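S.K.: Could you look at this predicted model? Sequence included:
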Amino acid sequence: MKMSNENVESAVYDMVIHIQSLTKLEEGWEVEYCGSEENKKRVKNIPKQKYIRISVIGNANRGKTFILQKISDLNFDGAIGHTVSTQGLSIKFPKDEEYELLDTLGNNSPILIDDVNNDPRDKENYDNEISREINDRLIANYIIQNFIIKKADIIICVVGQLTTSEQQFLNKIKNTCKNKINLYVIHNLINLDKNEIPKYINDVLLKSVTFKLTENKIPSFDGKDTKKNCFNIFYEEKTTEKEEVANIPKILHFILGKEEEGKNDIKYYNDSAINFIKTKINDSFKKNHDNILEELKNFLIDISANILENKISKENIKIKDDKIICENIKDNKIRNIRADELDNIIFISNEQKYTPLYRYYRDKDNFIIEIFLNGNYDIEDKYKFINKNEIKFEIIGTKGEEEEEEEEEENEEFKIISKKYYGDNNILKIEPFTIEFTIDVNDYNIKNLIQNGDEKYKGIFILNYKIKDKD
C-alpha cells in the first residue's frame, strides 16, 4: 500500500453515518456523502474489493482525527491540531482505494440539553429522561466501537495521560482485540513538555497495571547515525509462550508529543513513531471488504439479540433514501447497558421488578458472579452459549424459607456490608427477581465453562464457574 498525499477537496470525510441514538433508528440514521458531486458519486459506487481497513478509536478529544491525518498523509480540510469535530461513524476512502479509514465521535462525548425533551423543573421525569438518554448514548457507543473493531484490519487506539478511566478503556480494547488483529496504542502526551515525557514513561507507563511493556528501538528512517536522529523507543506488551508459538500479533505502544509551529524538537518522538506505524501498515495484507452500509446493517442484526428484547429481522432493517432504517424499533424494548469494574459490558433485561446488586469478574481460572441480597433466597442459574463469542446467563431468585429472627439477624449483618461497600438502599427490597444478561467471552478469554458449585454467606451468593481452554 502506498500512502497518498492527496488534498481533500471540500470535506474532512467522504461519508458520515450519524449514529448517536438507537431510538432514532426507526426514523433512520442519516448517511451523509461529502465533498464534490463527483466525489459523492465515487463513494456511493465503491465496490466490494480488497483493501486495508484502519480504525481509530479512543475517548472523546484525544486527537484521533489528528493522528489519522498523520498516519494517512491526508490533509483534512480544517483539521488543524484537534479542531475537527467527528460525528457518529466517519469514513475516508482515499482515491488510491487501497485502504479505508474509520474515525468516530469517541466515547464519553457529552449529552446536551437539546438531547433531552422533558422540563428540568419536573425533576422525576427529567431524571428518567436523562437516564434513558445516557443508556441510549452508551448503546450507540457500544455499537460503533464494536463494529469498527470487528470489521477493522488494524486498530489504532489513541489515549492521553493515563487515568483510571483510560486504563479501563485500554483493558477492554485489549481484551476485545487480542489474538485477532493488529493493535497499536498511541499515547498522545500533548499536555506534557518534551522534557517531562521520559519521566512520565518511567513513572507511569512502565508501572501501569494495565500492561507490562518491554522497550524496543525504532530503526532509523533518515540514515543518520546519531542517537537523537537514528532511534526512538516503542514498547511491546509482554506475551506468553503460547502466544509466541501461535505467532499472535503483539500490541505495540508509541509516544507522541505536542507539535508547535516553528518547533521541530518534539518530532524526535513523533516522526519516527508515525513512520514506523506506516511501515507496519504497508506490510499488512489487503483483505476483502463489502459495502460498509451493508456490513453495518448485518452487524446490527447480529448484535440485536443483546441490546433488544427481540432480535431485529432482516425484513425490518433496510438502506433507503441515504438512511439506515429499522422499522418498529420503538416497540422493541431496549435493554439496560451496564459495565463492571473493568468496563466490560453487559446488557440487562428490563422486565424484572427487582435487580439486586451484582458483579462478575475473572479470578485466575474461575469466572465468578456475586449477587448481593437481603435475606435468604433460593437461586437457580442457567447459562448457554448464544454463539461462539457470547454467553447468556439467566439467574432466578425466589424468597426462601427461614425463621423471622434468623432473617432479621442476617439482614443486619448484610446492611452493614452493603452500606459500607455499596451504599444502595434499594438492596433492602425483598421481591423475587430475575437477572438476565449476556457477556462477550472475549473480554475474559473464556473458551469453555464448567459449573463449580455455589456458595452463600452473609447475603452474598457466589456462582463459580471453572474456565477451561479447549483441547
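M.R.: Yes, it's here.
S.K.: quick one, what contacts the nearest residue to residue 212 once chain neighbours are set aside?
M.R.: Distance criterion C-beta to C-beta, 6 or more residues apart in numbering; nearest residue to residue 212, sequence neighbours excluded, is residue 238 at 4.5 Å. (C-beta placed from N, C-alpha, C; glycine too.) Residue 238 makes contact with 212, 213, 214 under the criterion C-beta atoms under 8 Å, 6 or more residues apart in numbering.
S.K.: Quick one: low-confidence residue ranges for the stretch 201-350 of the chain.
M.R.: For the stretch 201-350 of the chain, residues meeting the criterion pLDDT under 70 lie at 218-232, 242-247, 261-268, 340-344, 349-350.
S.K.: Provide a complete list of residue ranges assigned to strands in it.
M.R.: Ranges of strands in the stretch 201-350 of the chain, per DSSP state E, counting those that start in this stretch, are 213-218, 232-237, 252-257, 287-289, 317-320, 323-326, 336-339, 345-348.
S.K.: ok, residues contacting the last one?
M.R.: Strand 345-348 has contacts (C-beta under 8 Å, 6+ apart) with 142, 172, 306-307, 335-340, 355, 360, 435-440, 443.
S.K.: Any of those buried? List them.
M.R.: 142, 172, 306-307, 335-338, 340, 355, 360, 435-440, 443 (16 or more other C-beta atoms under 10 Å).
S.K.: counting contacts, what elements does the helix or strand containing residue 40 pack onto?
M.R.: Assigned by DSSP states H and E, residue 40 belongs to helix 37-44. Packing partners of helix 37-44 (3 or more C-beta pairs under 8 Å, 6 or more residues apart in numbering; DSSP states H and E): strand 29-33.
S.K.: partners of the strand it packs on in the sheet?
M.R.: Take DSSP bridges as the rule and strand 29-33 pairs in its sheet with strand 15-17 (antiparallel), strand 323-326 (antiparallel).
S.K.: from the contacts of residue 238, which is closest to residue 46?
M.R.: Residue 46 lies nearest to residue 213 out of the contacts of residue 238, by C-beta to C-beta, at 38.6 Å.
S.K.: Pull up the gap between the closest one and residue 207, please.
M.R.: 10 Å (C-beta to C-beta, to the nearest Å).
S.K.: Same drill for these two, tell me which one is more crowded.
M.R.: residue 213 (20 against 11; other C-beta atoms under 10 Å).
S.K.: In space, not sequence, find me the middle residue of this protein.
M.R.: residue 145 (4.7 Å; C-alpha atoms, centre = their mean).
S.K.: got a list of what the residue nearest to that residue when sequence neighbours are not counted touches?
M.R.: Distance criterion C-beta to C-beta, 6+ apart; nearest residue to residue 145, sequence neighbours excluded, is residue 57 at 6.2 Å. By C-beta under 8 Å, 6+ apart, the residues touching residue 57 are 64, 104, 106, 145, 148, 149, 155, 156, 157, 158, 173.
S.K.: Out of those, which sit inside helices?
M.R.: The helices, defined by DSSP state H, take in 64, 145, 148, 149, 173 from the contacts of residue 57.
S.K.: Name the pair among those with the greatest separation in space.
M.R.: That would be 64 and 149, which, of the ones in helices among the contacts of residue 57, are the farthest apart (C-beta to C-beta) at 14.1 Å.
S.K.: higher neighbour count, those two?
M.R.: Neighbours were counted for residue 64 and for residue 149 using other C-beta under 10 Å; residue 64 has more, 26 against 20.
S.K.: The more buried one contacts residue 55, correct?
M.R.: No: with contacts defined as C-beta atoms under 8 Å, residue 64 does not count as touching residue 55, sitting 9.8 Å away.
S.K.: what's the overlap in contacts for those two?
M.R.: Joint contacts of residue 64 and residue 55 (C-beta under 8 Å, 6+ apart) are residue 104.
S.K.: of all the strands of the stretch 201-350 of the chain, which lies closest to residue 447?
M.R.: That would be strand 345-348 among those, by C-beta to C-beta, at 19.3 Å.
S.K.: List the neighbouring strands of that closest one plus their orientation.
M.R.: strand 336-339 (antiparallel), strand 433-440 (antiparallel).
S.K.: helix or strand right after that strand?
M.R.: strand 357-363.
S.K.: and after that next one, which helix or strand comes next?
M.R.: strand 366-372.
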